[in-house]
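[1] Quick one: sequence and predicted model below, then my questions.
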Amino acid sequence: MKTRFAFCLAAMVAIAACDPAGTNEPNISEEAAVNAQSAFERGDISQAVLEHAADFNSAWMSHGRTYDEQRYSPLDSINRETVTSLGLAWYADLDTARGQEATPLVIDGKLYTTTAWSKVKAYDARTGELLWDYDPDVPGATGVKPCCDVVNRGMAAWGDKLYFGSLDGRLIALDRETGEPVWTVDTIDADGPYTITGAPRIVEGLVIIGNGGADMGAVRGYVSAHDVETGELAWRFYTVPDNPANGEQAEYLQKATETWTGDWWEFGGGGTVWDSMAYDPALGLLYFGVGNGAPWNQQYRSPGGGDNLYLSSIVAVEAKTGEYVWHFQTTPGETWDFTATQHIMLADLEIDGERRKVLMQAPKNGFFYVLDRETGEFISADNYTMVNWAKGIDPETGRPIENPSARYRSGRAFVAPGALGGHNWHPMAFSPEEGLVYIPAQNVPQPYSSPDVWTRAPLGWNNAVGPNVTTEALSSDEANTFTRVVVDGETADTPAEDSYQPVKDRKIGTGALVAWDPVAQEERWRVDYPVLWNGGLLSTGGGLVFQGTSTSEFRAYDARTGDQLWSYPIQTGAIAAPITYELDDEQYVAVMAGWGGVLGLLYGVVPNRSRLLVFKLDGDAELPPESDPSRVLDPPVYETDPEKVALGGALYGRFCSNCHAGGTVVVSLDYSVALDREASWLAVVREGILEPRGMVSFADVLSDDEALAIRDYIVSRAQAKAGR
């Protein structure tokens with residue numbers, strides 16, 4: 001690493017000497033390069049080090065490796081020719097079998113990662129020896145708050161510390177050497193369903209963190225910046241305007257107020273910043289993606305319509321102050337859970353003969369966007385997956401040409417993409433050699449409908465959409481329409497054929513690795529997967545793209561052609577993004593494995609076996625033999641009441657399905673021993689005897705009769721599966 005850095009430094013000095021006018025001025029000055037090298041060697045992760053992270057191949061010091069979040073490494077020892085010799089170097093089993101979504105960090109020969117339930121572990125990056133671990137002791141009752149599993153996506157580093165957010169909303173600083181906590185601050189209102197699952201970013205001595213919760217209740221989104229040394233709040237940027245009766249707001253929020261109607265503040269509004277961020281040091285701009293409305297269904301939160309700024313938007317602020325600079329809204333009047341919290345990536349591209357500083361994103365709504373990152377100006381967009389909610393994008397404004405039939409104010413609409421998105425949180429990657437962005441895409445339409453009457457409940461889904469949020473007596477099949485659409489490709493009633501324009505039709509419920517040309521706005525190549533929810537991506541100088549799959553493989557593809565060059569059976573799905581690093585002139589590739597997240601809760605593709613896996617050339621470690629995870633389905637034998645089953649199915653959809661829809665992360669309730677007796681069932685559901693394990697009491701939202709109706713629904717379903 002030092003040799004490569006010194007070579008680059010010498011080259012930059014030579015360029016500067018030959019070009020006194022500065023017409024070919026290097027990207028970094030000699031002084032900045034020297035400062036970065038010095039700080040890095042003494043283990044001080046400074047602003048200079050983070051700005052020049054691309055030069056330090058031994059490390060992976062921030063979530064996307066560099067501030068531009070390209071997830072590209074120039075390391076090339078593992079390449080098209082050598083990758084067939086890639087083997088397992090070491091692995092570490094984790095102590096929490098829930099979804100694993102973290103991107104590890106590697107600093108000073110040590111690998112640091114977060115796991116589900118916001119735990120942190122440090123390993124020797126060469127050998128896998130566990131050096132320390134830290135458990136923030138997130139209360140089990142917090143497990144009912146997140147929509148999408150008790151996951152955590154990673155950490156940030158600064159100085160000699162590590163920083164991460166806990167599921168229950170704390171921002172925690174740890175000593176990097178010992179794992180001991182240095183300071184902790186609460187960043188959320190603990191009375192609401194706020195949670196933290198995303199990785200923080202650090203810019204100019206400020207640690208930036210957002211939160212989630214807009215699917216589950218009344219939350220108003222914001223992103224916060226805290227001092228790295230003390231945790232003191234430096235600034236906070238709200239994404240949704242407050243109640244106008246509370247007085248004057250910042251100018252950007254005053255303008256947003258004009259785009260809302262009704263009493264949106266009673267619903268919170270949503271707009272949580274739960275994942276993506278990027279930073280441009282030259283411009284001093286921090287970019288972040290804003291989430292969906294609360295509730296999703298616009299006719300409840302903003303009954304008169306409107307764009308509802310700044311939902312589903314990319315927002316640029318001054319990183320040091322949080323001052324608004326510009327925004328671009330990908331889905332005006334969001335009503336489908338079309339978040340813009342997906343991976344944001346920065347690059348310099350030649351477009352129409354001009355070198356442009358651009359920002360790129362493939363949000364949930366199915367379109368890939370290229371924007372000018374200095375001004376927010378729309379440059380181009382096109383769909384990368386099946387889309388029918390819009391007929392295209394206005395080439396001048398970037399505004400979607402919306403399909404009116406996709407708004408489900410009454411009746412039912414089958415919309416593509418659905419709430420899982422054409423692309424979800426799984427990170428993309430970029431290859432500067434190929435000029436391609438690699439997208440973990442998926443094709444998952446979904447039926448939406450609007451209940452005639454809806455009220456917010458203190459627990460469960462609060463999105464005001466379809467059978468999972470209505471208390472009407474629906475059939476059990478109807479209550480599970482969403483899961484059936486994802487899994488089996490079955491469709492609900494669709495709009496009339498001439499009322500929308502289906503594009504890039506693909507088999508429903510599938511995934512793909514898509515190589516996308518951001519300049520031409522077109523697909524270069526595609527690898528189709530039989531199942532959606534495949535892993536995040538890594539691109540390398542060896543001409544490779546690495547990705548884990550939901551069908552228990554870790555793969556390497558040719559970045560130019562998409563040809564599969566290598567695969568390794570990992571015994572579980574991998575949804576997190578890989579990283580790579582180099583120690584002692586040996587390149588490693590690491591990935592967190594463990595099926596989970598929202599789809600892992602909904603559907604059992606593969607068993608969850610949570611592990612950290614690290615590979616190198618000629619690695620000879622072996623995973624232990626796979627154990628048999630099969631269970632015996634033995635539901636109680638009694639005759640259920642069809643009316644109770646129907647009511648129970650509707651209640652199950654609203655209050656239980658976000659955790660217990662039948663996936664392999666949280667055991668399906670069909671197998672629950674609590675089904676055997678009414679008293680046992682009520683002790684769990686109403687009395688909360690399993691609260692330490694995340695199952696809180698639902699006494700505030702379910703009566704005894706309603707809880708038992710859910711039991712009848714589950715027993716009836718299990719009996720049918722067992723052939724009784």
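    Good, I have the coordinates. Numbers count the residues shown, from 1 in each chain.
[2] which residue ranges form the strands in the stretch 451-600 of the chain?
    510-517, 522-529, 537-540, 544-548, 553-558, 564-569, 579-583, 586-593 (DSSP state E, counting those that start in this stretch).
[3] my bad, the stretch 201-350 of the chain
    201-203, 206-209, 222-227, 233-238, 269-270, 277-280, 285-289, 293-294, 313-318, 324-329, 344-351.
[4] Looking at the strands of the stretch 451-600 of the chain, which is nearest to Arg686?
    Counting by CB to CB, Arg686 lies closest to strand 586-593 out of the strands of the stretch 451-600 of the chain; the figure is 36.4 Å. Just so you know, the C-beta spots here come from the backbone N, C-alpha and C atoms, and that holds for glycine as well.
[5] list the buried ones in the helix or strand that contains Leu131?
    Counting by DSSP states H and E, the element that carries Leu131 is strand 130-134. Buried residues in strand 130-134, counted by 16 or more other CB atoms under 10 Å: 132, 134.
[6] Please list the outside residues in contact with the helix or strand following that strand.
    Going down the chain from strand 130-134, the next helix or strand is strand 156-158, by DSSP H and E. With CB atoms under 8 Å, 6 or more residues apart in numbering as the test, strand 156-158 has contacts from 45-46, 61-63, 105, 107, 112, 162-164, 176, 199-202, 205, 207, 228.
[7] again, but for stretch 313-325
    So stretch 313-325 is in contact with 203-204, 206, 208, 223, 225, 234-237, 239, 250-252, 279, 284-290, 326-330, 340, 344, 359, 361, 369, 371, 373, 376, going by CB under 8 Å, 6+ apart.
[8] for the stretch 1-150 of the chain, what spans make up the helices?
    Applying DSSP state H, counting those that start in this stretch to the stretch 1-150 of the chain gives helices spanning 2-18, 30-41, 47-51.
[9] show me what contacts the spatially most central residue of the chain?
    In the chain, the residue lying closest to the centroid (CA atoms, centre = their mean) is Trp425, at 2.6 Å. Counting by CB under 8 Å, 6+ apart, Trp425 touches 101, 153, 275, 341-343, 597.
[10] Dump the residues you listed into TSV; add neighbour count, distance to Val317 and pLDDT as well.
    Shown next, in TSV, are those (neighbours: other CB atoms under 10 Å; distance: CB to CB, whole Å; pLDDT from 0 to 100):
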residue	neighbour count	distance to Val317	pLDDT
Glu101	30	26	97
Arg153	25	21	98
Asp275	25	16	97
Thr341	29	16	98
Gln342	24	19	98
His343	30	18	98
Gly597	27	28	85
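[11] Next, give me the two most distant ones among the residues you listed.
    The farthest-apart pair in the contacts of Trp425, when distances are taken by CB to CB, is His343 and Gly597, at 14.9 Å.
[12] now, of the strands of the stretch 451-600 of the chain, which is deepest in the fold?
    Scoring the strands of the stretch 451-600 of the chain by mean neighbour count under mean count of other CB atoms under 10 Å gives strand 544-548 as the most buried, with a mean of 28.
[13] got the angle between that one and strand 553-558?
    Relative orientation of strand 544-548 versus strand 553-558 (axes from the mean of the first three to the mean of the last three CA atoms, to 10 degrees): 160 degrees.
[14] what's the angle from strand 544-548 to strand 522-529?
    Going by the same axes, to 10 degrees, strand 544-548 makes 40 degrees with strand 522-529.
[15] so for strand 544-548, what's the average pLDDT?
    Strand 544-548 shows a mean pLDDT of 98.
[16] what does it contact?
    Residues outside strand 544-548 that contact it (CB under 8 Å, 6+ apart): 78-80, 83, 429, 431, 438, 440, 513, 515, 534-540, 554-559, 565, 570, 573-576, 578, 580, 589, 591, 593.
[17] Tell me the strands beside that strand, with direction?
    strand 537-540 (antiparallel), strand 553-558 (antiparallel) (DSSP bridges).
[18] quick one: it to chain centroid distance?
    Taking the mean of its C-alpha atoms, strand 544-548 sits 18 Å from the chain's own mean (CA atoms, centre = their mean, to the nearest Å).
[19] same check, this time on stretch 512-526
    Distance of stretch 512-526 from the chain centroid (CA atoms, centre = their mean) equals 21 Å.
[20] Now do the same for Ala11: its pLDDT.
    38.
[21] before we move on, the earlier item: between the strands of the stretch 451-600 of the chain, which one is nearest to Pro458?
    Among the strands of the stretch 451-600 of the chain, strand 586-593 sits nearest to Pro458 (CB to CB), with 33.1 Å.
[22] helices and strands around the closest one, which ones?
    Strand 586-593 sits against strand 544-548, strand 579-583, strand 611-617, with contacts defined as 3 or more CB pairs under 8 Å, 6 or more residues apart in numbering; DSSP states H and E.
[23] ok, and what's touching the last one?
    This means strand 611-617. For strand 611-617, contacts defined as CB under 8 Å, 6+ apart pick out 77-78, 82, 85-94, 104, 111, 113, 121, 123, 125, 128, 554, 568, 570, 572, 574, 586-594, 623.
[24] related to what we said a few turns ago, possible to save the strands paired with strand 544-548 as CSV with distance to Gly269 and mean pLDDT?
    Putting the strands paired with strand 544-548 into CSV (distance: least, CB to CB, whole Å; pLDDT from 0 to 100) gives the following:
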stretch, distance to Gly269, mean pLDDT
strand 537-540, 32, 98
strand 553-558, 40, 98
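[25] wait, which of those strands is closest to Ser680?
    strand 553-558 (40.0 Å).
[26] most tightly surrounded among the strands of the stretch 201-350 of the chain?
    With neighbours defined as mean count of other CB under 10 Å, the strands of the stretch 201-350 of the chain peak in mean count at strand 293-294, which reaches a mean of 32.
[27] Show me what the helix or strand harbouring Pro447 is packed up against.
    Using DSSP H and E, Pro447 sits within strand 446-449. Strand 446-449 is packed against strand 412-415, helix 481-488, with contacts defined by 3+ CB pairs under 8 Å, 6+ apart.
[28] hmm, 6 Å instead?
    Applying 3 or more CB pairs under 6 Å, 6 or more residues apart in numbering; DSSP states H and E, we find strand 446-449 packed against strand 412-415.
[29] Verify the stated contact: Pro400 with Ala390.
    Yes. Judged on CB atoms under 6 Å, Pro400 makes contact with Ala390 at a distance of 3.9 Å.
[30] Return the distance of Arg524 relative to Leu532.
    Using CB to CB, to the nearest Å, Arg524 is found at 21 Å from Leu532.
[31] now swap in Asp382 and tell me
    Taking CB to CB, one finds Asp382 at 21 Å from Leu532.
[32] So between these two, which is more surrounded?
    Neighbour count, other CB atoms under 10 Å: between Asp382 and Leu532, Leu532 has more, with 24 against 20.
[33] Spit out the contact partners of the more buried one.
    Going by CB atoms under 6 Å, 6 or more residues apart in numbering, Leu532 touches 442, 444, 511.
[34] my read: the last one touches Val527, true?
    To tie it back to what came earlier, the one meant is Gly511. No. Counting by CB under 6 Å, Gly511 does not reach Val527; the two are 9.2 Å apart.
[35] ok, back up a step: for the helices and strands packed on strand 586-593, could you give me a markdown table that also reports distance to Trp265?
    Shown next, in a markdown table, are the helices and strands packed on strand 586-593 (distance: least, CB to CB, whole Å):
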| stretch | distance to Trp265 |
| --- | --- |
| strand 544-548 | 41 |
| strand 579-583 | 41 |
| strand 611-617 | 43 |
